[in-house]
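K.L.:
Turn this into a structure:
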Amino acid sequence: MPRLAIIDTQSVKCIGVRGPRGYDGAKKLVGRKRVVLVDAEGHVLALAVVPANVQDRDTLPALDAGKEMWPSLRLALFDGAFTAERCRGWCHVHGMRHRVVEKLPDQKGFVVLERRWVVERTFGWLSHWGGLNRERAGRLDVATGRLACAASLMAANALNNPA
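P.N.:
Model (predicted):
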């Protein structure tokens, strides 16, 4: 049973479909935001898709249903966008400790942060599946289902090909 949860978001472009999408000012794109909760190995435990204009700290309630499937999680690692008090409160409601992993102020350029690379690697794995570089589904639940299907295939592949 996993004890460590790593949570992050990824903004992706959305093709011209009907359905909710938004503008992410930080990434300068119109699309949607994928919210992923992974374990220490990078396996997807919960995921959701929200419009891109939703702030990172406001995306956590979208993971509620998936988090309830994993009561063994005790520590959640976040990036600097999740420093709000509501993120800490969300973790306490779900019985986890909250820890934000950030670069030191004097560090310049690319820096590998503790355990944060795991969730970024998972996003990279998802991008290898055809059609997931952009959001094509009109509804958010369909987009989430496509990601869940890809995550299931990744897990089955890991079971069949242990390295």
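K.L.:
Just the CA trace of the helix or strand hosting Ile6, in PDB.
P.N.:
Following DSSP states H and E, one finds Ile6 within strand 4-13. Once non-C-alpha atoms are left out, strand 4-13 reads as follows in PDB (Å, rounded to 0.1, in the frame of the first residue of the first chain):
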ATOM      1  CA  LEU A   4       3.700   8.800  -0.400                       C
ATOM      2  CA  ALA A   5       1.600  10.900  -2.800                       C
ATOM      3  CA  ILE A   6       3.000  13.300  -5.300                       C
ATOM      4  CA  ILE A   7       0.500  15.700  -6.800                       C
ATOM      5  CA  ASP A   8       1.000  18.000  -9.800                       C
ATOM      6  CA  THR A   9      -0.800  19.500 -12.700                       C
ATOM      7  CA  GLN A  10      -0.100  19.700 -16.400                       C
ATOM      8  CA  SER A  11      -1.700  22.200 -18.800                       C
ATOM      9  CA  VAL A  12      -2.300  20.900 -22.400                       C
ATOM     10  CA  LYS A  13      -3.800  22.600 -25.400                       C
END
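K.L.:
Name every strand pairing with it and say which way it goes.
P.N.:
Strand pairing for strand 4-13, using DSSP bridges, gives strand 29-38 (antiparallel), strand 75-78 (parallel).
K.L.:
Check which residues of the longest one are buried.
P.N.:
This points to strand 29-38. 29-38 (16 or more other Cβ atoms under 10 Å). Where C-beta positions appear, they are placed from N, C-alpha and C, glycine not excepted.
K.L.:
quick one: the helices in the protein?
P.N.:
64-67, 85-93, 116-127, 140-160 (DSSP state H).
K.L.:
As CSV, those with distance to Leu4 would be great.
P.N.:
Listed next are these as CSV, based on distance: least, Cβ to Cβ, whole Å:
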stretch, distance to Leu4
helix 64-67, 13
helix 85-93, 13
helix 116-127, 9
helix 140-160, 17
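K.L.:
Out of these, which is closest to Ile7?
P.N.:
Comparing the helices of the chain against Ile7 with Cβ to Cβ, the closest turns out to be helix 116-127 (7.3 Å).
K.L.:
okay, how far is it across stretch 99-119, tip to tip?
P.N.:
15 Å (Cα to Cα, to the nearest Å).
K.L.:
And the residue lying closest to Asp8 once chain neighbours are set aside, how far from Val100?
P.N.:
Counting by Cβ to Cβ, 6 or more residues apart in numbering, Asp8 lies nearest to Val119, which is 4.3 Å off, once chain neighbours are set aside. Separation of Val119 from Val100 (Cβ to Cβ, to the nearest Å): 14 Å.
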